[in-house]
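J.: Quick one, structure for this:
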Amino acid sequence: MSLKLGSIVGTLGGRLLGSPDLLMTGLAPLQSAHSHQISFLSQPRYRSQLPASQAGCVIVGVDMEDEVKDRLSAIITDDPYLYFARLTRLWKSEHRQTAGPRIHPSAVIDSTAVIASDAVVGPLCVIERGAQLGAGTVLKSRVSIGEDCIVGARCLLHSGVVIGADGFGFAPHQGQWEKIEQLGAVRIGDDVEIGANTCIDRGALEDTVIEDGVKLDNLIQIGHNVHVGRHTAMAGCVGVAGSARIGAHCTVGGGAVVLGHLTVADHVHISAASVVTRSILKPGQYTGMFPLDSNANWEKNAATLKQLSRLRDRIKSLESDNQNNKEN
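T.: Presented below is the predicted three-dimensional model:
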């Protein structure tokens, strides 16, 4: 399987240095690509790998044209990473294997569910009463869509995704827990991608909402009544507790946690492993984690942290005494 460089540039644009007839047989990282593979360079920190790379073609930015002009071939573009992303999709579409049945015979679909005529439902999927799948949406194997949940158009749900399980709601009574029925559903917009084994719980009264263009990685937990804004992306193992509201165009790093009933504004970027314990109302990058250390040092620092409030009060008292002495 191969593509000519001329065909790639003809489809995706960019400016080609070198022969349009050169065949590329695959895509590969810069350091391991061979003479018939295409790679890309978008991060300056990998610039040192370029001279030694054996890649037959490298996708680079306009600012690097002088560094690749003596290579066998290169593609010059304003955004190499975006170009690479589009190239991966082109490559997959050109080399796609023969599709199986649109709805796998092992899938279980309730007669009241509404499935778009071109939606694809993979092996062992379950689609319950009143659920809806939009046009062009693809469910990989073992995806479960709960009753009355809606998945929009052109979505991709990877293996093991569960949409619309009950939210975690219980009322304490005499030392026991009484279940609160989850009467809402889940509404997922268009062009959403959800990674393997991610769970999105149905709402207690109103729906849990995932807006258009959201990208969720593997093993994410979205609690009941959460609202995630357009084009927000979350990396693996993020946990969002119930009724949190996350804005549009946010990013949440792997393993981060957002506590319940908080609000996160648009264009907020949360670092990996952070714990969001308060609402964030201004755009920006936020980090909240304790640096890794030896266990002995970590315990000392943790003990010190417990004394910060008392130390703060002592400092305030000393500052007040100092101010009074100056005035006297």
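J.: buried sites along stretch 113-128?
T.: Across stretch 113-128, burial judged by 16 or more other C-beta atoms under 10 Å covers Ala113, Ile115, Ala119, Val120, Val121, Gly122, Pro123, Cys125, Val126, Ile127, Glu128. Where you see a C-beta, it was placed from the backbone N, CA and C, and this is true even at glycine.
J.: Any idea how far apart the tips of it sit?
T.: One end of stretch 113-128 to the other measures 7 Å (C-alpha to C-alpha, to the nearest Å).
J.: Can you give the distance from that stretch to the centre of its chain?
T.: 23 Å (C-alpha atoms, centre = their mean, to the nearest Å).
J.: ok, now stretch 191-200?
T.: 9 Å.
J.: who's in contact with that stretch?
T.: 140, 151-165, 186, 188, 208, 210, 212-222, 226, 236 (C-beta atoms under 8 Å, 6 or more residues apart in numbering).
J.: swap in stretch 258-273?
T.: 223, 229, 235, 238-256, 275-289.
J.: Buried ones among those residues?
T.: Here, 16+ other C-beta under 10 Å leaves 223, 229, 235, 238-248, 250-256, 276, 280 buried among the contacts of stretch 258-273.
J.: Helices of the stretch 151-300 of the chain, residue ranges please.
T.: 295-306 (DSSP state H, counting those that start in this stretch).
J.: residue ranges with poor pLDDT in it?
T.: Scanning the stretch 151-300 of the chain for pLDDT under 70 picks out nothing.
J.: circling back to that earlier point, which one of the buried residues of stretch 113-128 sits closest to Ile59?
T.: Taking C-beta to C-beta as the measure, Ile59 lies nearest Val120 of the buried residues of stretch 113-128, at 30.6 Å.
J.: State the distance from that closest one to Glu193.
T.: Val120 sits 14 Å away from Glu193, going by C-beta to C-beta, to the nearest Å.
J.: Could you chop the chain up by domain?
T.: Per the record, the chain has its domains at 3-94, 108-286, by automatic domain parsing.
J.: The last one: how far from the chain's middle?
T.: The gap between where domain 108-286 is centred and where its chain is centred comes out at 12 Å by C-alpha atoms, centre = their mean.
J.: which residues does Gln221 contact?
T.: Contact analysis of Gln221 by C-beta under 8 Å, 6+ apart lists Thr198, Cys199, Asp201, Val238, Gly239, Val240.
J.: could those go into a markdown table alongside distance to Leu305?
T.: What follows is those, written out as a markdown table (distance: C-beta to C-beta, whole Å):
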| residue | distance to Leu305 |
| --- | --- |
| Thr198 | 33 |
| Cys199 | 33 |
| Asp201 | 33 |
| Val238 | 25 |
| Gly239 | 23 |
| Val240 | 26 |
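J.: In strands, which of those residues fall?
T.: Cys199, Asp201, Gly239, Val240 (DSSP state E).
J.: how many other residues sit next to the first one?
T.: The reference is to Cys199. Using other C-beta atoms under 10 Å, Cys199 has 17 neighbouring residues.
J.: Could you give the bridge partners of it?
T.: Counting by DSSP bridges, Cys199 forms beta bridges with Val162, Gln221.
J.: Check the third one too.
T.: With beta bridges defined as DSSP bridges, Gly239 has these partners: Gln221, Val257.
J.: Show the contacting residues for Ala244.
T.: Gly223, Val226, His227, Val258, Leu259, Gly260, His261, Leu262, Thr263, Val264.
J.: Recalculate using a threshold of 7 Å.
T.: Val226, Val258, Gly260, His261, Leu262 (C-beta atoms under 7 Å, 6 or more residues apart in numbering).
J.: Keeping just the C-alphas, turn the top helix by length along the chain into CSV.
T.: For the chain, the longest helix by residue count, based on DSSP state H, is helix 308-327. Provided in CSV are the C-alpha atoms of helix 308-327 (Å, rounded to 0.1, in the frame of the first residue of the first chain):
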residue,chain,number,x,y,z
LEU,A,308,0.5,26.5,57.3
SER,A,309,-2.7,27.9,58.7
ARG,A,310,-1.2,28.3,62.2
LEU,A,311,2.0,29.8,60.7
ARG,A,312,0.0,32.2,58.7
ASP,A,313,-1.8,33.4,61.8
ARG,A,314,1.5,33.9,63.7
ILE,A,315,2.9,35.9,60.8
LYS,A,316,-0.1,38.1,60.7
SER,A,317,0.2,38.6,64.4
LEU,A,318,3.9,39.5,64.2
GLU,A,319,3.2,41.9,61.3
SER,A,320,0.4,43.6,63.3
ASP,A,321,2.7,43.9,66.4
ASN,A,322,5.5,45.4,64.2
GLN,A,323,3.1,47.9,62.7
ASN,A,324,1.8,48.9,66.1
ASN,A,325,5.4,49.4,67.3
LYS,A,326,6.2,51.7,64.4
GLU,A,327,3.1,53.8,65.1
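J.: And Leu139, how far from Gly122?
T.: 5 Å.
J.: what do you get for His249?
T.: Counting by C-beta to C-beta - His249 and Gly122 are separated by 30 Å.
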